[in-house]
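Here's my sequence, what's the structure:
(one chain, ligands or ions: 1)
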Amino acid sequence: MNLGGSAFALRCLHCDAVYLPDQVSYYCPNCELDGAFDLVYDYADLGCRFIKSVQSRDTFDMWRYASVLPTSPEFTPHLHTGGSPLYKLHNSGPGRIFIKDDSRNPSGSLKDRASALAVALAAEMGVKTIAAASTGNAAAALACMSAGIGIRCIIFSPTSATREKLAQIRAYGAEVVKVEGGYDEAFAACHAACKEHGWYNRSTGINSYMSEGKKTVAFEICEQMQWHVPDRIFVPVGNGCIVGAIYKGFHELLLMGITNHMPKIMGVQATGSNFMYRAWKAGQGPHAPHAQPSATSASSISVALPRDRIKALRAVEATGGEFIVVNDTQIFQAILDLARSGGVFAEPGAAAAYAGLRQWSTLSSDETAVVLVTGSGLKDIGGLLDSGILDATSKSKPRESSRGEELPSASRAVLNPPIRRHLCAVPRISVTPTALDLDASAGSSSAHFSELAEAPANTHHTML
Ligand SMILES: [Zn+2]
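Below you'll find the predicted structure:
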């Protein structure tokens, strides 16, 4: 593709039109809400210097991948974003399971990666006000990053937004515009206001640049695995932006020649918010199913009509993955399983990915799976309390002691996951051209990875 001297071009996935960045804003003028841009770089050129560029940065954060990001480093916010830990889940069952804990970002969710990029882009354009429609995490992330860089932030919030999430948004100093109705009404109000006032719109689904920030989590996972690719990655799906970005990140590594295959992407939805699952099952494209009212307590993945459905469907279909649905009981049980077996406290929408893995449960012995935890459990304490699952478990005795004291069988089923698991940190290993050569001739990535995770004997490494 001829980039005409630009660092990247924008290709619409709906009408296939291609633009240079100075020709359009962040959405396709032909398709507007029905379209979605892919940012396309010169991958052949980038592949030659990507690893060197990554290694030249001392800080383990999202900006170490700046050579494949659409902004200049001088505008990036100072808040440490990305660089989250990857834990190995000790698992007596088949396969290897890793937890990518992206709740460790400044505002407590993966959305910080997109919002950090959004404020950097807005600052680069000289825009003084940035806005978004959101029920929670994206808004908190934008409010946080706006405070970090010192620009005005306006959040269009539906009446369904929880008191707790609004409190976090307001604590960062963002202005909140309450919109009568649900997310769709807030989204439309934000879109109209941004058009009228020239504000920068960070809303998921209209701003195609947001995938670029989120894709850095895929780069990180791969780097933490010494540029090896997991066999499967389980991702919670609401609007579909994160799962689409996971695909983009791994696909770019493939295009640059850093890796040699894609992971199977497993999108996990709540039973009561299952548009993408229905679209995938029907096999008639991302616009075919009718939107149905959403009904799940996992608020961050509660979406009637996913805004990034084109990218979400592509992520699963193009990699041979699957969409999975899990009910709210499974989701809240997954919160306890993750928290009690390793100390990772996920919000319901994030724990859905782990619930999806447990339900799918057909990992083979030579497979490696990564579960993406996208948001902190501290985001939705009210939801956890309202679920009743803590009351149910508090009626039981404390879990098995370190001396192996037996629990009554009824409570053991609730308190202990089927397989006892513990987490350990995976070392981040500095990458050398030698590692790339090994990758190019790789046999079993999981066998190699196991070795790296447990005994990085000959390699300089840093514990995360
Ligand atoms: Zn288009």
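
Would you mind naming what in this protein lies close to the ion?
For the chain, the contact set with the ion under C-beta under 5 Å from the ion comprises 12, 14-15, 28, 30-31, 35. The way it works is simple: take the backbone N, C-alpha and C, and place the C-beta from them, glycine included.

Let's see that with 6 Å instead.
Counting by C-beta under 6 Å from the ion, the positions of the chain adjacent to the ion are 12, 14-15, 17, 28, 30-31, 35.

Report pLDDT for the residue in the stretch 301-450 of the chain that the ion sits nearest to.
For the stretch 301-450 of the chain, the residue positioned closest to the ion under C-beta to the ion is residue 310, at a distance of 10.3 Å. For residue 310, the pLDDT comes out at 92.

and it, helix, strand or coil?
Going by DSSP: H, G, I helix; E, B strand; the rest coil, the secondary structure assigned to residue 310 is helix.

quick one on the thing from earlier: of the residues of the chain next to the ion, closest to residue 109?
Distance to residue 109, by C-beta to C-beta, is smallest for residue 35 among the residues of the chain next to the ion, at 26.0 Å.

okay, the closest one: pLDDT?
Note on residue 35: pLDDT of 79.

residues near it, how many?
The local packing count at residue 35 equals 19, with neighbours defined by other C-beta atoms under 10 Å.

hmm, back to that, wouldn't the residue of the stretch 301-450 of the chain closest to the ion be in contact with residue 279 here?
No - because the distance of 10.1 Å does not satisfy C-beta atoms under 8 Å, residue 310 is recorded as not touching residue 279.

which residues are in contact with both of those two?
Among the neighbours of residue 310, those also in contact with residue 279 (C-beta atoms under 8 Å, 6 or more residues apart in numbering) are residue 286.

and the residue of the stretch 101-250 of the chain found nearest the ion, helix, strand or coil?
Nearest residue of the stretch 101-250 of the chain to the ion, counting by C-beta to the ion: residue 208, 10.3 Å away. At residue 208, secondary structure determined by three-state DSSP is coil.

Would you check that it makes contact with residue 38?
Yes - Residue 208 is in contact with residue 38 according to C-beta under 8 Å; the separation is 7.5 Å.

who's more crowded, those two?
Counting neighbours by other C-beta under 10 Å for residue 208 and for residue 38 shows that residue 208 has the greater number, 26 against 20.

how about the more buried one, what does it touch?
Going by C-beta under 8 Å, 6+ apart, residue 208 touches 10, 26-27, 36-39.

Dump the residues you listed to JSON lines, plus secondary structure.
Formatted as JSON lines, the contacts of residue 208 follow (three-state DSSP):
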{"residue": "10", "secondary structure": "strand"}
{"residue": "26", "secondary structure": "coil"}
{"residue": "27", "secondary structure": "coil"}
{"residue": "36", "secondary structure": "coil"}
{"residue": "37", "secondary structure": "strand"}
{"residue": "38", "secondary structure": "strand"}
{"residue": "39", "secondary structure": "strand"}
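
quick one: residue 19 and residue 10 touch, right?
Yes - using C-beta under 8 Å, residue 19 is in contact with residue 10, at 4.8 Å.

higher neighbour count, the two?
Residue environment comparison for residue 19 versus residue 10 gives the larger neighbour count to residue 10, 24 against 16, counting by other C-beta under 10 Å.

Excluding chain neighbours, what is closest to the more buried one?
The spatial neighbour of residue 10 that comes closest, neighbours along the chain excluded (C-beta to C-beta, 6 or more residues apart in numbering), is residue 37 at 4.2 Å.

so what's the one you found bridging to?
Bridge pairing for residue 37 (DSSP bridges) gives the partners residue 12.

That one reaches residue 30, doesn't it?
No - counting by C-beta under 8 Å, residue 30 is not a contact partner of residue 37; they are 11.3 Å apart.

between the two, what contacts are shared?
When contacts are counted by C-beta under 8 Å, 6+ apart, the set common to residue 37 and residue 30 consists of residue 12.

So which of these two has more stuff around it?
Residue environment comparison for residue 37 versus residue 30 gives the larger neighbour count to residue 37, 25 against 13, counting by other C-beta under 10 Å.

in which helix or strand would I find the residue lying closest to residue 311 once chain neighbours are set aside?
Of all residues not flanking residue 311 in the chain, residue 244 sits nearest, at 2.8 Å (C-beta to C-beta, 6+ apart). The secondary structure element spanning residue 244 is helix 241-255 (assigned by DSSP states H and E).

C-alpha coordinates for that helix, PDB please?
Output of helix 241-255 as PDB, limited to C-alpha atoms (Å, rounded to 0.1, in the frame of the first residue of the first chain):
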ATOM      1  CA  CYS A 241     -13.000  -3.100  20.600                       C
ATOM      2  CA  ILE A 242     -10.700  -5.000  22.900                       C
ATOM      3  CA  VAL A 243     -11.000  -8.300  21.100                       C
ATOM      4  CA  GLY A 244     -10.600  -6.600  17.800                       C
ATOM      5  CA  ALA A 245      -7.500  -4.900  19.100                       C
ATOM      6  CA  ILE A 246      -6.000  -8.200  20.300                       C
ATOM      7  CA  TYR A 247      -6.400  -9.500  16.800                       C
ATOM      8  CA  LYS A 248      -4.800  -6.300  15.300                       C
ATOM      9  CA  GLY A 249      -1.800  -6.600  17.600                       C
ATOM     10  CA  PHE A 250      -1.000 -10.200  17.000                       C
ATOM     11  CA  HIS A 251      -1.700  -9.800  13.200                       C
ATOM     12  CA  GLU A 252       0.800  -6.900  13.000                       C
ATOM     13  CA  LEU A 253       3.500  -9.000  14.700                       C
ATOM     14  CA  LEU A 254       2.800 -11.600  12.100                       C
ATOM     15  CA  LEU A 255       3.000  -9.100   9.200                       C
END
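
Go through that helix and flag the buried ones.
For helix 241-255, burial by neighbour count (16 or more other C-beta atoms under 10 Å) applies to 241-255.

Go through these and name the one nearest residue 266.
Minimum distance to residue 266 across those is 9.0 Å, recorded for residue 243 (C-beta to C-beta).

Might one say that the closest one is in contact with residue 314?
No - with contacts defined as C-beta under 8 Å, residue 243 does not count as touching residue 314, sitting 9.5 Å away.

so where does the closest residue to residue 179 other than its chain neighbours fall, helix or strand?
Beyond its immediate neighbours in the sequence, the residue positioned closest to residue 179 (C-beta to C-beta, 6+ apart) is residue 186, lying 4.2 Å away. Remark: residue 186 resides in helix 183-197, with elements defined by DSSP H and E.
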